[in-house]
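Trainee: got a predicted model here, sequence first, then my questions.
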Amino acid sequence: MSSTTTNTARNDVAPIPLIEKPSRTHTPVPAGPPDGSTAASHAASPGGASKTACIRTFGCQMNVHDSDRMRRMILDAGYAEVGAYEDADLVVLNTCYVRENAVDRVRGHLGELNRLKREGQVKKIALTGCIGAAEESRQLKRQYNIDLVLGTHNTYELAEFVGLPGMEETHTPELPGTEGEHAAFVTIMTGCNYQCSYCVVPSVRGRMACRPMENVLEEVRRLVGSGTRYVTLLGQTVDAWRDPEGSGKRFYNLLERVAEEAARVWFTTSHPSNMEDRTLKLIGERDTIVGKLHLPVQSGSDRMLKAMHRGYKSDRYRRKIEVFREAVPEGTLSTDIIVGHPGETEKDHEETLRLVEDCSFDSAYVFKFSPRSGTEAAGLAKLPGAVPEGVAQRRFLEVLRAIEHNAFQRNRRKIGSAEEIYVRHAKNGKARAIGETWSGHAVHVPTNAEPGRYVTAKIEDAGPHVLYAGEPVGQPR
Ligand code: SAM
Ligand code: SF4
């Protein structure tokens, strides 16, 4: 999916950043069966592979990561994974709550599942993730006859539901990524200590909890040992990470260490108030760190940034970007922008357009403000000063076009360069493989190389969202 995108495009497994995690990590640690074997070796006991399950994920990479953990429980419990609801005994909808349309979308799926259940095709429905953690889930449970509702803090309860031994809570996050895969997410912190006016994350994911440095490094080593070549450090504000063990280490130190352990590293999402210059410089210094930065700005207007409680002014953001551009001249920069927050005037909007021009983003997620119940901005949206839908739509398109225009110009400069490309998604039928350059550009490349391999090819063309490479030279490595 391209990243210069609409607000709606950010549901259903977005390949780029965002969210979250629970306040305290009540993390699944299998209590283990009585014989001391692991949950995995206990696999087939609850019913053999005659049971089937379908997991559908909505939202960000954090949700994809949570789905991976639940997938492992389900497979351990002897279910076979299927792609269609009709073929599944158990359906898990792992959801996002960041915008209102996310809930509407999930309602559509729940309606269909409810019908399949009445017809005897689907037997159990589980609703998990951010909607599961929200108040609204109670009403959804009744209305759609849902069997299990879990928030983001108690996903481990799915284990018992599918017939595995119960799990215990622990305060030491032990959140395994996808071992054995070429790329894995590693959660380094959960929750968020900010209180942005529009955002539900603090209420559904709780306050920030950081994972100890040694614990993160152990997991990275384990992943690398099992074949992972690309590690992405995840969290709502990763750059706010501090070692909870009191070593005084900050995100810079963690990134530096991870970059020594893994062959390819990235991190998301960052908050401008926490981003240190030395971290930006580190991106340029280490050749294992992908040269891309996702730094959500939300608005170019200081008035709006204040109303949003973002904690920085637009010029401070601009200065961070200057440091990044200088440290990583070929790097890519992406951001999040909200248009139509209550109180946004035409002048505020023009300031956002000016910032977009100044920062020359390579891509951005542009969102129309969506009032989320319980947030400060949802209250403001009912007062005079709310931005009419037509105006928000126009501003949305103006920001989107400005971003695309800049991104297109920047991408065209890459034409003619030879790039080492990391293959992320294999060729699929006639569709080319999709890879990523060290500068973080998405590239379509004609290769049969497996995900996790590198090919070298010349960039022959460019659009606003992706580059197009020619035939690779030499063999994949
Ligand atoms: N923690 C990150 C940060 O502060 O930059 C972003 C996390 S947030 C879940 C992902 C993005 O969704 C935000 O950057 C914001 O642009 C968008 N977003 C969150 N709540 C929104 C709302 N109520 N309406 C529109 N966009 C929203
Ligand atoms: Fe939400 Fe703001 Fe926290 Fe990001 S920093 S998760 S936008 S409250």
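Mentor: Structure received. Ligands and ions are numbered 1, 2, ... in the order given.
Trainee: sketch out the low-pLDDT regions of the chain for me.
Mentor: 1-49, 153, 164-180 (pLDDT under 70).
Trainee: enumerate the residues of it near ligand 1.
Mentor: Residues of the chain found near ligand 1 (Cβ under 6 Å from any ligand atom) are 18-19, 98-99, 198-199, 201, 236-237, 269, 271, 296, 298, 336, 338, 367, 369-370, 372. Just so you know, the C-beta spots here come from the backbone N, C-alpha and C atoms, and that holds for glycine as well.
Trainee: only the buried subset of the residues you listed, as a ChimeraX command please.
Mentor: Those of those that count as buried under 16 or more other Cβ atoms under 10 Å are selected in ChimeraX with:
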select :18,19,98,99,198,199,201,236,237,269,271,296,298,336,338,367,369,370,372
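Trainee: so which of the residues of the chain next to ligand 1 would count as near ligand 2 as well?
Mentor: Here is what survives when these are matched to ligand 2 using Cβ under 6 Å from any ligand atom: 199, 201, 236-237, 271.
Trainee: out of those, which comes closest to residue 394?
Mentor: residue 199 (24.0 Å; Cβ to Cβ).
Trainee: with adjacent residues omitted, what lies nearest to the closest one?
Mentor: residue 375 (6.4 Å; Cβ to Cβ, 6 or more residues apart in numbering).
Trainee: for whichever residue of the stretch 251-400 of the chain sits closest to ligand 2, give its distance to residue 296.
Mentor: Across the stretch 251-400 of the chain, the shortest distance to ligand 2 (Cβ to the nearest ligand atom) belongs to residue 271, at 5.4 Å. Noted for residue 271: a distance of 7 Å to residue 296, by Cβ to Cβ, to the nearest Å.
Trainee: that older thread, got the contact list for the residue of the stretch 251-400 of the chain closest to ligand 2?
Mentor: By Cβ atoms under 8 Å, 6 or more residues apart in numbering, the contact list for residue 271 reads 194, 237, 239-240, 296.
Trainee: and it, what element?
Mentor: Under DSSP states H and E, no helix or strand contains residue 271.
Trainee: quick one: the helices in the stretch 51-200 of the chain?
Mentor: In the stretch 51-200 of the chain, the helices defined using DSSP state H, counting those that start in this stretch lie at 61-76, 100-118, 136-144, 158-161.
Trainee: show me what counts as buried in the last one.
Mentor: It stands for helix 158-161. If you call a residue buried by 16+ other Cβ under 10 Å, then helix 158-161 has these buried ones: 158-159, 161.
Trainee: what's it packed up against?
Mentor: Helices and strands touching helix 158-161, as assessed by 3 or more Cβ pairs under 8 Å, 6 or more residues apart in numbering; DSSP states H and E, comprise helix 61-76, strand 124-129.
Trainee: at 6 Å instead, please
Mentor: Here helix 158-161 touches helix 61-76, going by 3 or more Cβ pairs under 6 Å, 6 or more residues apart in numbering; DSSP states H and E.
Trainee: what pairs with the nearest residue to residue 83 once chain neighbours are set aside across the strands?
Mentor: Leaving aside its sequence neighbours, residue 83 sits nearest to residue 54 (Cβ to Cβ, 6+ apart; 6.6 Å). Beta-bridge partners of residue 54, counted by DSSP bridges, are residue 91.
Trainee: between the buried residues of helix 158-161, which is nearest ligand 1?
Mentor: residue 158 (23.0 Å).
Trainee: make sure the closest one is actually in contact with residue 69.
Mentor: No: the criterion here is Cβ atoms under 6 Å, and residue 158 misses it with residue 69 at 8.9 Å.
Trainee: separation between the closest residue to residue 250 other than its chain neighbours and ligand 1?
Mentor: Counting by Cβ to Cβ, 6+ apart, residue 250 lies nearest to residue 242, which is 5.8 Å off, once chain neighbours are set aside. For residue 242, the distance to ligand 1 equals 16 Å [Cβ to the nearest ligand atom, to the nearest Å].
Trainee: just read off the phi/psi values of residue 242.
Mentor: Per-residue torsions, residue 242: phi -140, psi 140 (degrees, to the nearest 10).
Trainee: tell me, how many residues neighbour it?
Mentor: For residue 242, the neighbour count with other Cβ atoms under 10 Å is 18.
Trainee: now do the contacts for residue 133.
Mentor: Residues near residue 133 by Cβ atoms under 6 Å, 6 or more residues apart in numbering: 151-152, 204.
Trainee: with neighbour count added, can I get these in TSV?
Mentor: Below are the contacts of residue 133 laid out as TSV (neighbours: other Cβ atoms under 10 Å):
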residue	neighbour count
151	21
152	30
204	28
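Trainee: write out the residues of this structure neighbouring ligand 2.
Mentor: When proximity is defined by Cβ under 6 Å from any ligand atom, the chain lies next to ligand 2 at 192, 194, 196, 199, 201-202, 236-237, 271.
Trainee: longest helix of this protein?
Mentor: In the chain, taking DSSP state H as the definition, the longest helix is helix 389-412.
Trainee: direction included, what does the helix or strand just after that one pair against?
Mentor: Sequence order places strand 418-425 as the next helix or strand after helix 389-412, per DSSP H and E. Strand 418-425 pairs in its sheet with strand 433-437 (antiparallel), strand 454-462 (antiparallel), by DSSP bridges.
Trainee: and the two most separated of the contacts of residue 271?
Mentor: Pairwise distances across the contacts of residue 271 (Cβ to Cβ) peak at 13.2 Å, for the pair 240 and 296.
Trainee: ranges for the helices of the stretch 201-350 of the chain?
Mentor: Assigned by DSSP H, counting those that start in this stretch, the stretch 201-350 of the chain shows helices spanning 201-205, 213-225, 251-261, 277-285, 302-307, 314-327, 346-359.
Trainee: need the winner for burial among those helices.
Mentor: For the helices of the stretch 201-350 of the chain, the largest average neighbour count (mean count of other Cβ atoms under 10 Å) is found in helix 201-205, namely a mean of 23.
Trainee: that helix: how far from the chain's middle?
Mentor: 15 Å (Cα atoms, centre = their mean, to the nearest Å).
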